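Trainee: Dropping a prediction and its sequence here:
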Amino acid sequence: MSAVLDLLQSRGIQTQENSMTADAAVIWSVLWAGRMAPNQAVYEHYRSQNKPVIVLEIGALYRGQTWKVAVNNITRDGYYGHEENLDWDRPRTLNVSQAITFNSSPNVVIAAQHARSLQVSGMDMTQWVLDQIKLVRQHTDRPISIRPHPRNRLNLSQLPPDVAVEQPRPVAGTYDSFDMRFNYHAVVNYNSGPGVQAAIAGCRPIVHESSLAAPVGMSMANIEKSYDINRDKWLVEICHTEYTLTEIRTGTWLKRIEPALIK
């Protein structure tokens, strides 16, 4: 946040802390929980006036090293300016490369999200997980693992006997990173980071159309088919949705999101 504010001020853009009368707002995350809960009122106030909200969020490419910068949402519904004027060397710049499909685990993982996030507004996340189990079972008999969001409890007391819960474990030496391998057969996710990470890792992503991974996702009906979707251009685009701290300070992101800030 401080890097963004420093950049805006260096460009001659006036900033005001905790103002509800500005032309645009800058908030951290669209998760309305804990210290971020007050951001919901800010977000709703500005959007009700059709004013843009710049959302900053921890990245999916390198958690804690790259950061999302988007307008109005951090899903595919948000604006990143990531589909034009592409730098085709950007994946190499960020040291991001897609893996060849390699699934050593037969499991299908259902990766849940935090129920208080704007990303899943109006959804019952426990019910969503239970619905996905039924959908998976219509198309495969593979083992199913449920991976809850690490800070959101689900009511999973009556799961079918062939469904297990995989509890996220903190990664030592990090602020809030959690372990997750992507050597599964498939990852079912609504519209958060695991869908994007699965696609990069060559693991079949089964996601909602609002997910940034939707352009390279697979349908549930095709869960047993090979994952051979061309992801080259998509990877370049995804690498234009996140920035290092140095890049945030230099303002590359501002030029990209500018069309969504100008009425």
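Mentor: Arrived safely, thanks for sending. These figures come from a predicted structure and were not determined experimentally.
Trainee: Give me the distance between the closest residue to residue 179 other than its chain neighbours and residue 133.
Mentor: With CB to CB, 6 or more residues apart in numbering as the criterion, residue 179 has its nearest non-adjacent residue at 4.9 Å, and that residue is residue 169. The way it works is simple: take the backbone N, C-alpha and C, and place the C-beta from them, glycine included. Using CB to CB, to the nearest Å, one gets 23 Å for the distance from residue 169 to residue 133.
Trainee: Against which helices or strands is the lengthiest helix in the chain packed?
Mentor: Counting residues, the longest helix in the chain under DSSP state H turns out to be helix 125-137. The contact analysis (3 or more CB pairs under 8 Å, 6 or more residues apart in numbering; DSSP states H and E) places helix 125-137 against strand 108-111, strand 144-147.
Trainee: ok, now how distant is the residue nearest to residue 179 from residue 217?
Mentor: With distances defined as CB to CB, the gap from residue 169 to residue 217 amounts to 27 Å.
Trainee: Compare the two (neighbour count), which wins?
Mentor: Of the pair residue 169 and residue 217, residue 217 is the one with more neighbours under other CB atoms under 10 Å, namely 22 against 10.
Trainee: For that one, give me the pLDDT.
Mentor: The score at residue 217 is 98. That number is its pLDDT.
Trainee: Is it in contact with residue 198, as I believe?
Mentor: No - taking CB atoms under 8 Å as the contact criterion, residue 217 and residue 198 are not neighbours in contact, 9.1 Å apart.
Trainee: shared neighbours of these two, anything?
Mentor: Among the neighbours of residue 217, those also in contact with residue 198 (CB atoms under 8 Å, 6 or more residues apart in numbering) are residue 205.
Trainee: No more questions from me, cheers.
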